[in-house]
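Q: Sequence plus the predicted model coming up.
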Amino acid sequence: MSVVAMIGAQWGDEGKGKVADVLSREVGAMARFNGGNNAGHTVVVGSDKIVLRLVPVGILRPDVRCYVGRGCVVNPAYLLEELERLASLGVAAENLTVDWNCHLILPYHVKLDQAGDEALGRRRLGTTGRGIGPCYADKASRLGLRVADLFDDGRLAERLGALADRHAPTLEALGVAVDEVEVLAGLREGAPKLEPYAGDVAAAMRQEVASGAKVLLEGAHGLLLDVDYGTYPFVTSSTVHPGGAAAGLGLRPGFVDAVLGVVKAYQTRVGEGPFPTELSGELGERLRRRGNEYGSTTGRPRRCGWLDLVLLKYSVNTAGVDLIALNKLDVLDGLEPVKVCVAYELDGERLEGAPASLDHLGSVEPIYEELSGWADGASGATSYDALPKAAKDYIKFIEDYAGAEVAFVSTGPSRDDGFMRRQVFE
Ligand code: IMP
């Protein structure tokens with residue numbers, strides 16, 4: 001297996017940063033294919049916590065070539081900020097290429113996102129406010145600006161003018177303003193700094209695959225936030241499904257050898273939307289505290305609950321997950337019992353799988369199976385044998401229910417907490 005697509009199998013925040021970091025030891029290239037700086041992939045190196053939102057995590061290893069494909073949206077000001085932050089940590093991003101065709105997130109999109117979501121009142125989505133939805137909307141409306149436009153000044157000014165005109169009435173209605181002159185000046189200033197990173201990612205990726213390099217595709221968010229397969233409308237605006245990686249990077253369909261689904265040992269969600277196994281009260285608070293469940297992008301407290309195996313199976317089946325990386329098993333240390341959702345009740349009937357329309361998730365009651373907990377011992381474990389028996393049983397239960405093998409287990413935040421049970425790249 002030389003091309004592995006890693007995706008989140010829940011509502012994001014599954015710990016993909018850590019898994020990507022561990023696997024980056026083995027690969028020649030890493031690529032992002034969806035989303036923008038609404039993602040937050042966290043890596044803990046020694047006492048440093050590094051959050052990467054746009055640049056692939058592989059950038060922390062000097063020999064890994066990193067790509068941002070055209071399925072992603074790029075906020076140029078934010079990208080420069082991330083590159084500066086990396087430079088301050090001694091990380092030169094010489095191996096980074098951002099596709100010329102990535103759409104640009106502009107201040108218009110950020111304002112439209114923030115003020116637009118706010119204006120929805122109780123129907124708001126709770127977006128990250130990074131301008132993601134409006135940017136993808138402009139892409140689909142053929143109004144957007146792309147990375148290549150930064151290096152063609154006439155085109156840049158003309159396309160920016162058209163975009164500004166189109167959004168002026170909406171911005172006015174929302175009571176917010178964007179200064180076109182200022183935006184243009186900012187883009188002109190950033191352009192020469194970004195030019196060395198811009199390139200043809202599709203051609204480079206074809207080359208990577210043809211040369212047999214091991215490639216990790218670093219999916220952002222989680223399948224339940226996918227614009228087509230998630231809990232619409234409480235979703236992000238990009239394709240999280242690994243099928244999107246072919247289009248998002250410019251490769252032939254079928255080039256992915258294996259799909260690795262990243263799963264947290266319990267369930268979390270930020271923003272609005274249905275969440276059948278959500279725990280309020282002390283138990284939910286305990287998971288939040290122990291798991292440090294605060295958004296890495298917005299700092300918002302995450303909603304927490306028991307692992308929803310019905311939704312996990314939905315993700316495994318929908319996205320073709322072959323292997324699972326199970327994160328944060330240590331957070332369950334000391335809980336007795338540990339519950340997992342194995343079915344739902346809807347209108348008095350038992351549902352064994354996800355409802356045909358995920359819209360009904362707001363009305364289902366979870367049916368739990370109670371499993372034995374373990375007092376301690378998962379925290380920091382570096383081998384399967386070192387785990388308490390009940391934790392091993394928990395892993396087995398997940399594998400049997402979801403129908404995918406757990407290849408990696410994380411037992412703490414640092415790079416060294418956890419172990420591989422089987423190779424992901426062969
Ligand atoms: P947007 O992606 O900013 O438009 O937000 C849409 C929804 O997706 C909101 O509920 C966000 O909280 C959620 N979301 C987007 N990206 C992530 C992520 O990486 N982790 C968790 N939730 C996310």
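A: Arrived safely.
Q: Closest residue of the stretch 201-350 of the chain to the ligand?
A: Residue nearest to the ligand within the stretch 201-350 of the chain (C-beta to the nearest ligand atom): Gly271, separated by 2.2 Å. Glycine gets a C-beta too; all of them are placed from N, C-alpha and C.
Q: Ignoring the adjacent residues along the chain, who's closest to that residue?
A: Closest residue in space to Gly271, ignoring its immediate chain neighbours: Gly126 at 3.2 Å, by C-beta to C-beta, 6 or more residues apart in numbering.
Q: Show me what from the stretch 251-400 of the chain comes close to the ligand.
A: Val270, Gly271 (C-beta under 6 Å from any ligand atom).
Q: And the strands in the stretch 251-400 of the chain?
A: All strands of the stretch 251-400 of the chain, identified by DSSP state E, counting those that start in this stretch, fall at 258-264, 267-269, 303-305, 307-308, 323-327, 338-346, 349-351, 365-371.
Q: Any chance of these in TSV with mean pLDDT, mean neighbour count and distance to Ala245 as columns?
A: Converted to TSV, those look like this (pLDDT from 0 to 100; neighbours: other C-beta atoms under 10 Å; distance: least, C-beta to C-beta, whole Å):
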stretch	mean pLDDT	mean neighbour count	distance to Ala245
strand 258-264	98	26	9
strand 267-269	97	26	24
strand 303-305	97	23	28
strand 307-308	98	27	25
strand 323-327	98	26	16
strand 338-346	97	19	29
strand 349-351	96	11	31
strand 365-371	98	16	32
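Q: Ser372 and Ile398: what is the separation?
A: For Ser372, the distance to Ile398 (C-beta to C-beta, to the nearest Å) stands at 14 Å.
Q: So which of these two has more stuff around it?
A: Ile398 (22 against 13; other C-beta atoms under 10 Å).
Q: circling back to that earlier point, who are the contact partners of the residue of the stretch 201-350 of the chain closest to the ligand?
A: Gly271 makes contact with Leu125, Gly126, Thr127, Thr128, Phe234, Arg300, according to C-beta atoms under 8 Å, 6 or more residues apart in numbering.
Q: what's the farthest-apart pair in these?
A: Phe234 and Arg300 (14.3 Å; C-beta to C-beta).
Q: what about the two, which has more around it?
A: Phe234 (22 against 13).
Q: ok, the more buried one touching Phe275?
A: No: the criterion here is C-beta atoms under 8 Å, and Phe234 misses it with Phe275 at 9.4 Å.
Q: Point out the residues in the stretch 1-150 of the chain that sit beside the ligand.
A: 11-13, 38-40, 125-128, 130, 132-133.
Q: Which two among those residues are spaced furthest apart?
A: Farthest pair in those, by C-beta to C-beta: Asp13 and Gly133, 18.7 Å.
Q: More neighbours: these two, which one.
A: Neighbours were counted for Asp13 and for Gly133 using other C-beta under 10 Å; Asp13 has more, 28 against 24.
Q: The more buried one in helix, strand or coil?
A: Of the three states, Asp13 takes coil under DSSP: H, G, I helix; E, B strand; the rest coil.
Q: That one - nearest residue in space that isn't next to it in sequence?
A: Leaving aside its sequence neighbours, Asp13 sits nearest to Thr268 (C-beta to C-beta, 6+ apart; 5.6 Å).
Q: Quick check: bridge partners of that neighbour?
A: Beta bridges link Thr268 to Cys304 when assigned by DSSP bridges.
Q: is it true that it touches Cys304?
A: Yes: Thr268 lies in contact with Cys304 (C-beta under 8 Å); the separation is 5.3 Å.
Q: Which residues are in contact with each of these two?
A: Leu287, Gly291, Glu293.
Q: what's the neighbour count on the second one?
A: Going back to what we said before, that points to Gly291. Gly291 has 22 neighbouring residues, counting by other C-beta under 10 Å.
Q: Keeping just the C-alphas, turn stretch 30-45 into CSV.
A: Output of stretch 30-45 as CSV, limited to C-alpha atoms (Å, rounded to 0.1, in the frame of the first residue of the first chain):
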residue,chain,number,x,y,z
MET,A,30,1.6,14.4,2.4
ALA,A,31,-1.3,16.3,0.9
ARG,A,32,-4.4,18.1,2.0
PHE,A,33,-7.3,17.8,-0.4
ASN,A,34,-10.3,19.5,1.3
GLY,A,35,-11.2,22.4,3.6
GLY,A,36,-9.1,25.3,4.7
ASN,A,37,-8.1,26.9,7.9
ASN,A,38,-11.3,25.7,9.6
ALA,A,39,-9.3,22.5,10.3
GLY,A,40,-6.9,22.3,13.2
HIS,A,41,-4.4,19.4,13.2
THR,A,42,-2.5,19.4,16.5
VAL,A,43,0.9,17.8,17.0
VAL,A,44,2.6,17.7,20.4
VAL,A,45,6.4,17.6,20.1
